[in-house]
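>>> Sequence and predicted structure below; questions after.
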Amino acid sequence: MAELLIKELHVEVTDEEKKTSKEILKGVNLEMKTGEIHAIMGPNGTGKSTLSQTIMGQKNYHVTHGDILLDGQSILDMPVDERARKGLFLAMQYPAEIQGVTNAEFLRAAINARRPENNKISVMDFIKELDKNLELLDMSEAMTERYLNEGFSGGEKKRNEILQLLMIKPSFALLDEIDSGLDIDALKVVSKGVNSMRGDNFGALIITHYQRLLNYIKPDVVHIMMDGRIVKTGDAQLAQKLEDEGYAGLRDELGLDVNLIDD
């Protein structure tokens, strides 16, 4: 069982053009283990995406205080590729397009990057695993020969992110608004892919605005973020309560007077 621990995390985001920095996360604490699905909800501009980007080590996100521990080891000094090899995976809102690299080439390289030199995946095993996951996600084999995300629709990009998740098999997946822009059929397919990963060796942190995704991927724990902090944690019923009462009701309940920030 693996553990991801976030301790008193404070993060500034740098605007390189304006040469300015702004504090976005203001003391986030979160603990999750494999075998668990956590969801983070909150109004626009509360730092949800900043949290996922910081965990993955994206540039321009600077930790000013606190720590991120993976199995007891700080990952703050690790580059993005090392964090990925350690078992972290980020499915982004807007996946990048990479010309000249096919989906199949990318997937095999990503799988082998997490394996020792003497245990690379064979071509036959790769094809067998790929075919199984393409069928699960109702994706055509032709998708694997297209350049990574190039010319993909929004829904195709999201399915492709889940295909990567299924093939790479990380310990922890950070799923940043994977439901954004999906119709109900695509949402069901994406959810089926995530649910197929559930088990003792996998955990996910789902960032979403909407209860509807959590109708298909039932979380074990729900966190509510406001003003760069987690202000309330509960079970799946918390998401339903939020759907019924809105963030204004939660602010009143907690006696919060917060200003939203840029996410």
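Sure thing, it's come through. Residues are numbered from 1 along each chain as shown.
>>> Count the neighbours of the closest residue to Met78 other than its chain neighbours for me.
Of all residues not flanking Met78 in the chain, Gly57 sits nearest, at 6.3 Å (C-beta to C-beta, 6 or more residues apart in numbering). (C-beta placed from N, C-alpha, C; glycine too.) When neighbours are defined as other C-beta atoms under 10 Å, Gly57 has 21 of them.
>>> before we move on, what about Leu9?
For Leu9, the tally of surrounding residues (other C-beta under 10 Å) stands at 25.
>>> repeat for Arg146
Neighbours around Arg146, by other C-beta under 10 Å: 16.
>>> Any buried residues in the worst-scoring helix or strand of the chain on mean pLDDT, and which?
Among the helical and strand segments of the chain, the one scoring lowest on mean pLDDT, DSSP states H and E is helix 236-254, with a mean of 84. The neighbour-count check on helix 236-254 (16 or more other C-beta atoms under 10 Å) flags Ala236, Leu238, Ala239, Lys241, Leu242, Tyr247, Leu250 as buried.
>>> Turn the residues you listed into CSV, including distance to Ser171.
Output for the buried residues of helix 236-254, formatted as CSV (distance: C-beta to C-beta, whole Å):
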residue, distance to Ser171
Ala236, 23
Leu238, 25
Ala239, 24
Lys241, 30
Leu242, 28
Tyr247, 32
Leu250, 31
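>>> farthest-separated two in these?
Spatial extent of these (C-beta to C-beta) is set by the pair Ala236 and Tyr247 at 17.7 Å.
>>> Could you pull up the contacting residues of the residue nearest to Met78?
Contacts for Gly57 were tallied using C-beta atoms under 8 Å, 6 or more residues apart in numbering; they are Ile75, Met78, Pro79, Val80, Arg83.
>>> Can I have the buried ones of those residues as a ChimeraX selection?
To isolate the buried ones among those in ChimeraX, judged by 16+ other C-beta under 10 Å, type:
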select :75,78,83
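>>> Relative to Arg159, which of the contacts of Gly57 is nearest.
Distances from Arg159 to these, taken by C-beta to C-beta, are shortest for Val80, at 22.9 Å.
>>> Looks like that closest one contacts Gln58 (just checking).
Yes. Applying C-beta atoms under 8 Å, one finds Val80 in contact with Gln58, separated by 6.8 Å.
>>> So for those two, which residues contact both of them?
By C-beta under 8 Å, 6+ apart, no residue touches both Val80 and Gln58.
>>> can you give me the strands in the protein?
Per DSSP state E, the chain carries strands over the ranges 3-15, 20-33, 37-41, 61-70, 73-74, 88-91, 98-102, 147-148, 172-176, 203-207, 221-226, 229-234.
>>> and Ile206, how many neighbours does it have?
Other residues lying near Ile206 total 24 when counted by other C-beta under 10 Å.
>>> again, but for Ser196
By other C-beta under 10 Å, neighbour count at Ser196 equals 15.
>>> Ser74 now?
Neighbourhood size, Ser74 [other C-beta under 10 Å]: 12.
>>> If we ignore the residues flanking it in sequence, what's nearest it?
Once flanking residues are discounted, Ser74 sits nearest to Asp67: 5.3 Å by C-beta to C-beta, 6+ apart.
>>> who's in contact with that neighbour?
Neighbouring residues of Asp67 by C-beta under 8 Å, 6+ apart: Leu5, Ile6, Lys7, Glu8, Leu9, Ser74, Leu76.
>>> and if you look at Gly100?
Residues near Gly100 by C-beta under 8 Å, 6+ apart: Tyr147.
>>> what's the answer for the one 5 residues further on, then?
If you count contacts by C-beta under 8 Å, 6+ apart, Glu105 has none.
>>> Save the strands of the chain as CSV, and put in distance to Ser52 too.
Below are the strands of the chain laid out as CSV (distance: least, C-beta to C-beta, whole Å):
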stretch, distance to Ser52
strand 3-15, 11
strand 20-33, 11
strand 37-41, 9
strand 61-70, 10
strand 73-74, 18
strand 88-91, 6
strand 98-102, 20
strand 147-148, 20
strand 172-176, 4
strand 203-207, 6
strand 221-226, 11
strand 229-234, 14
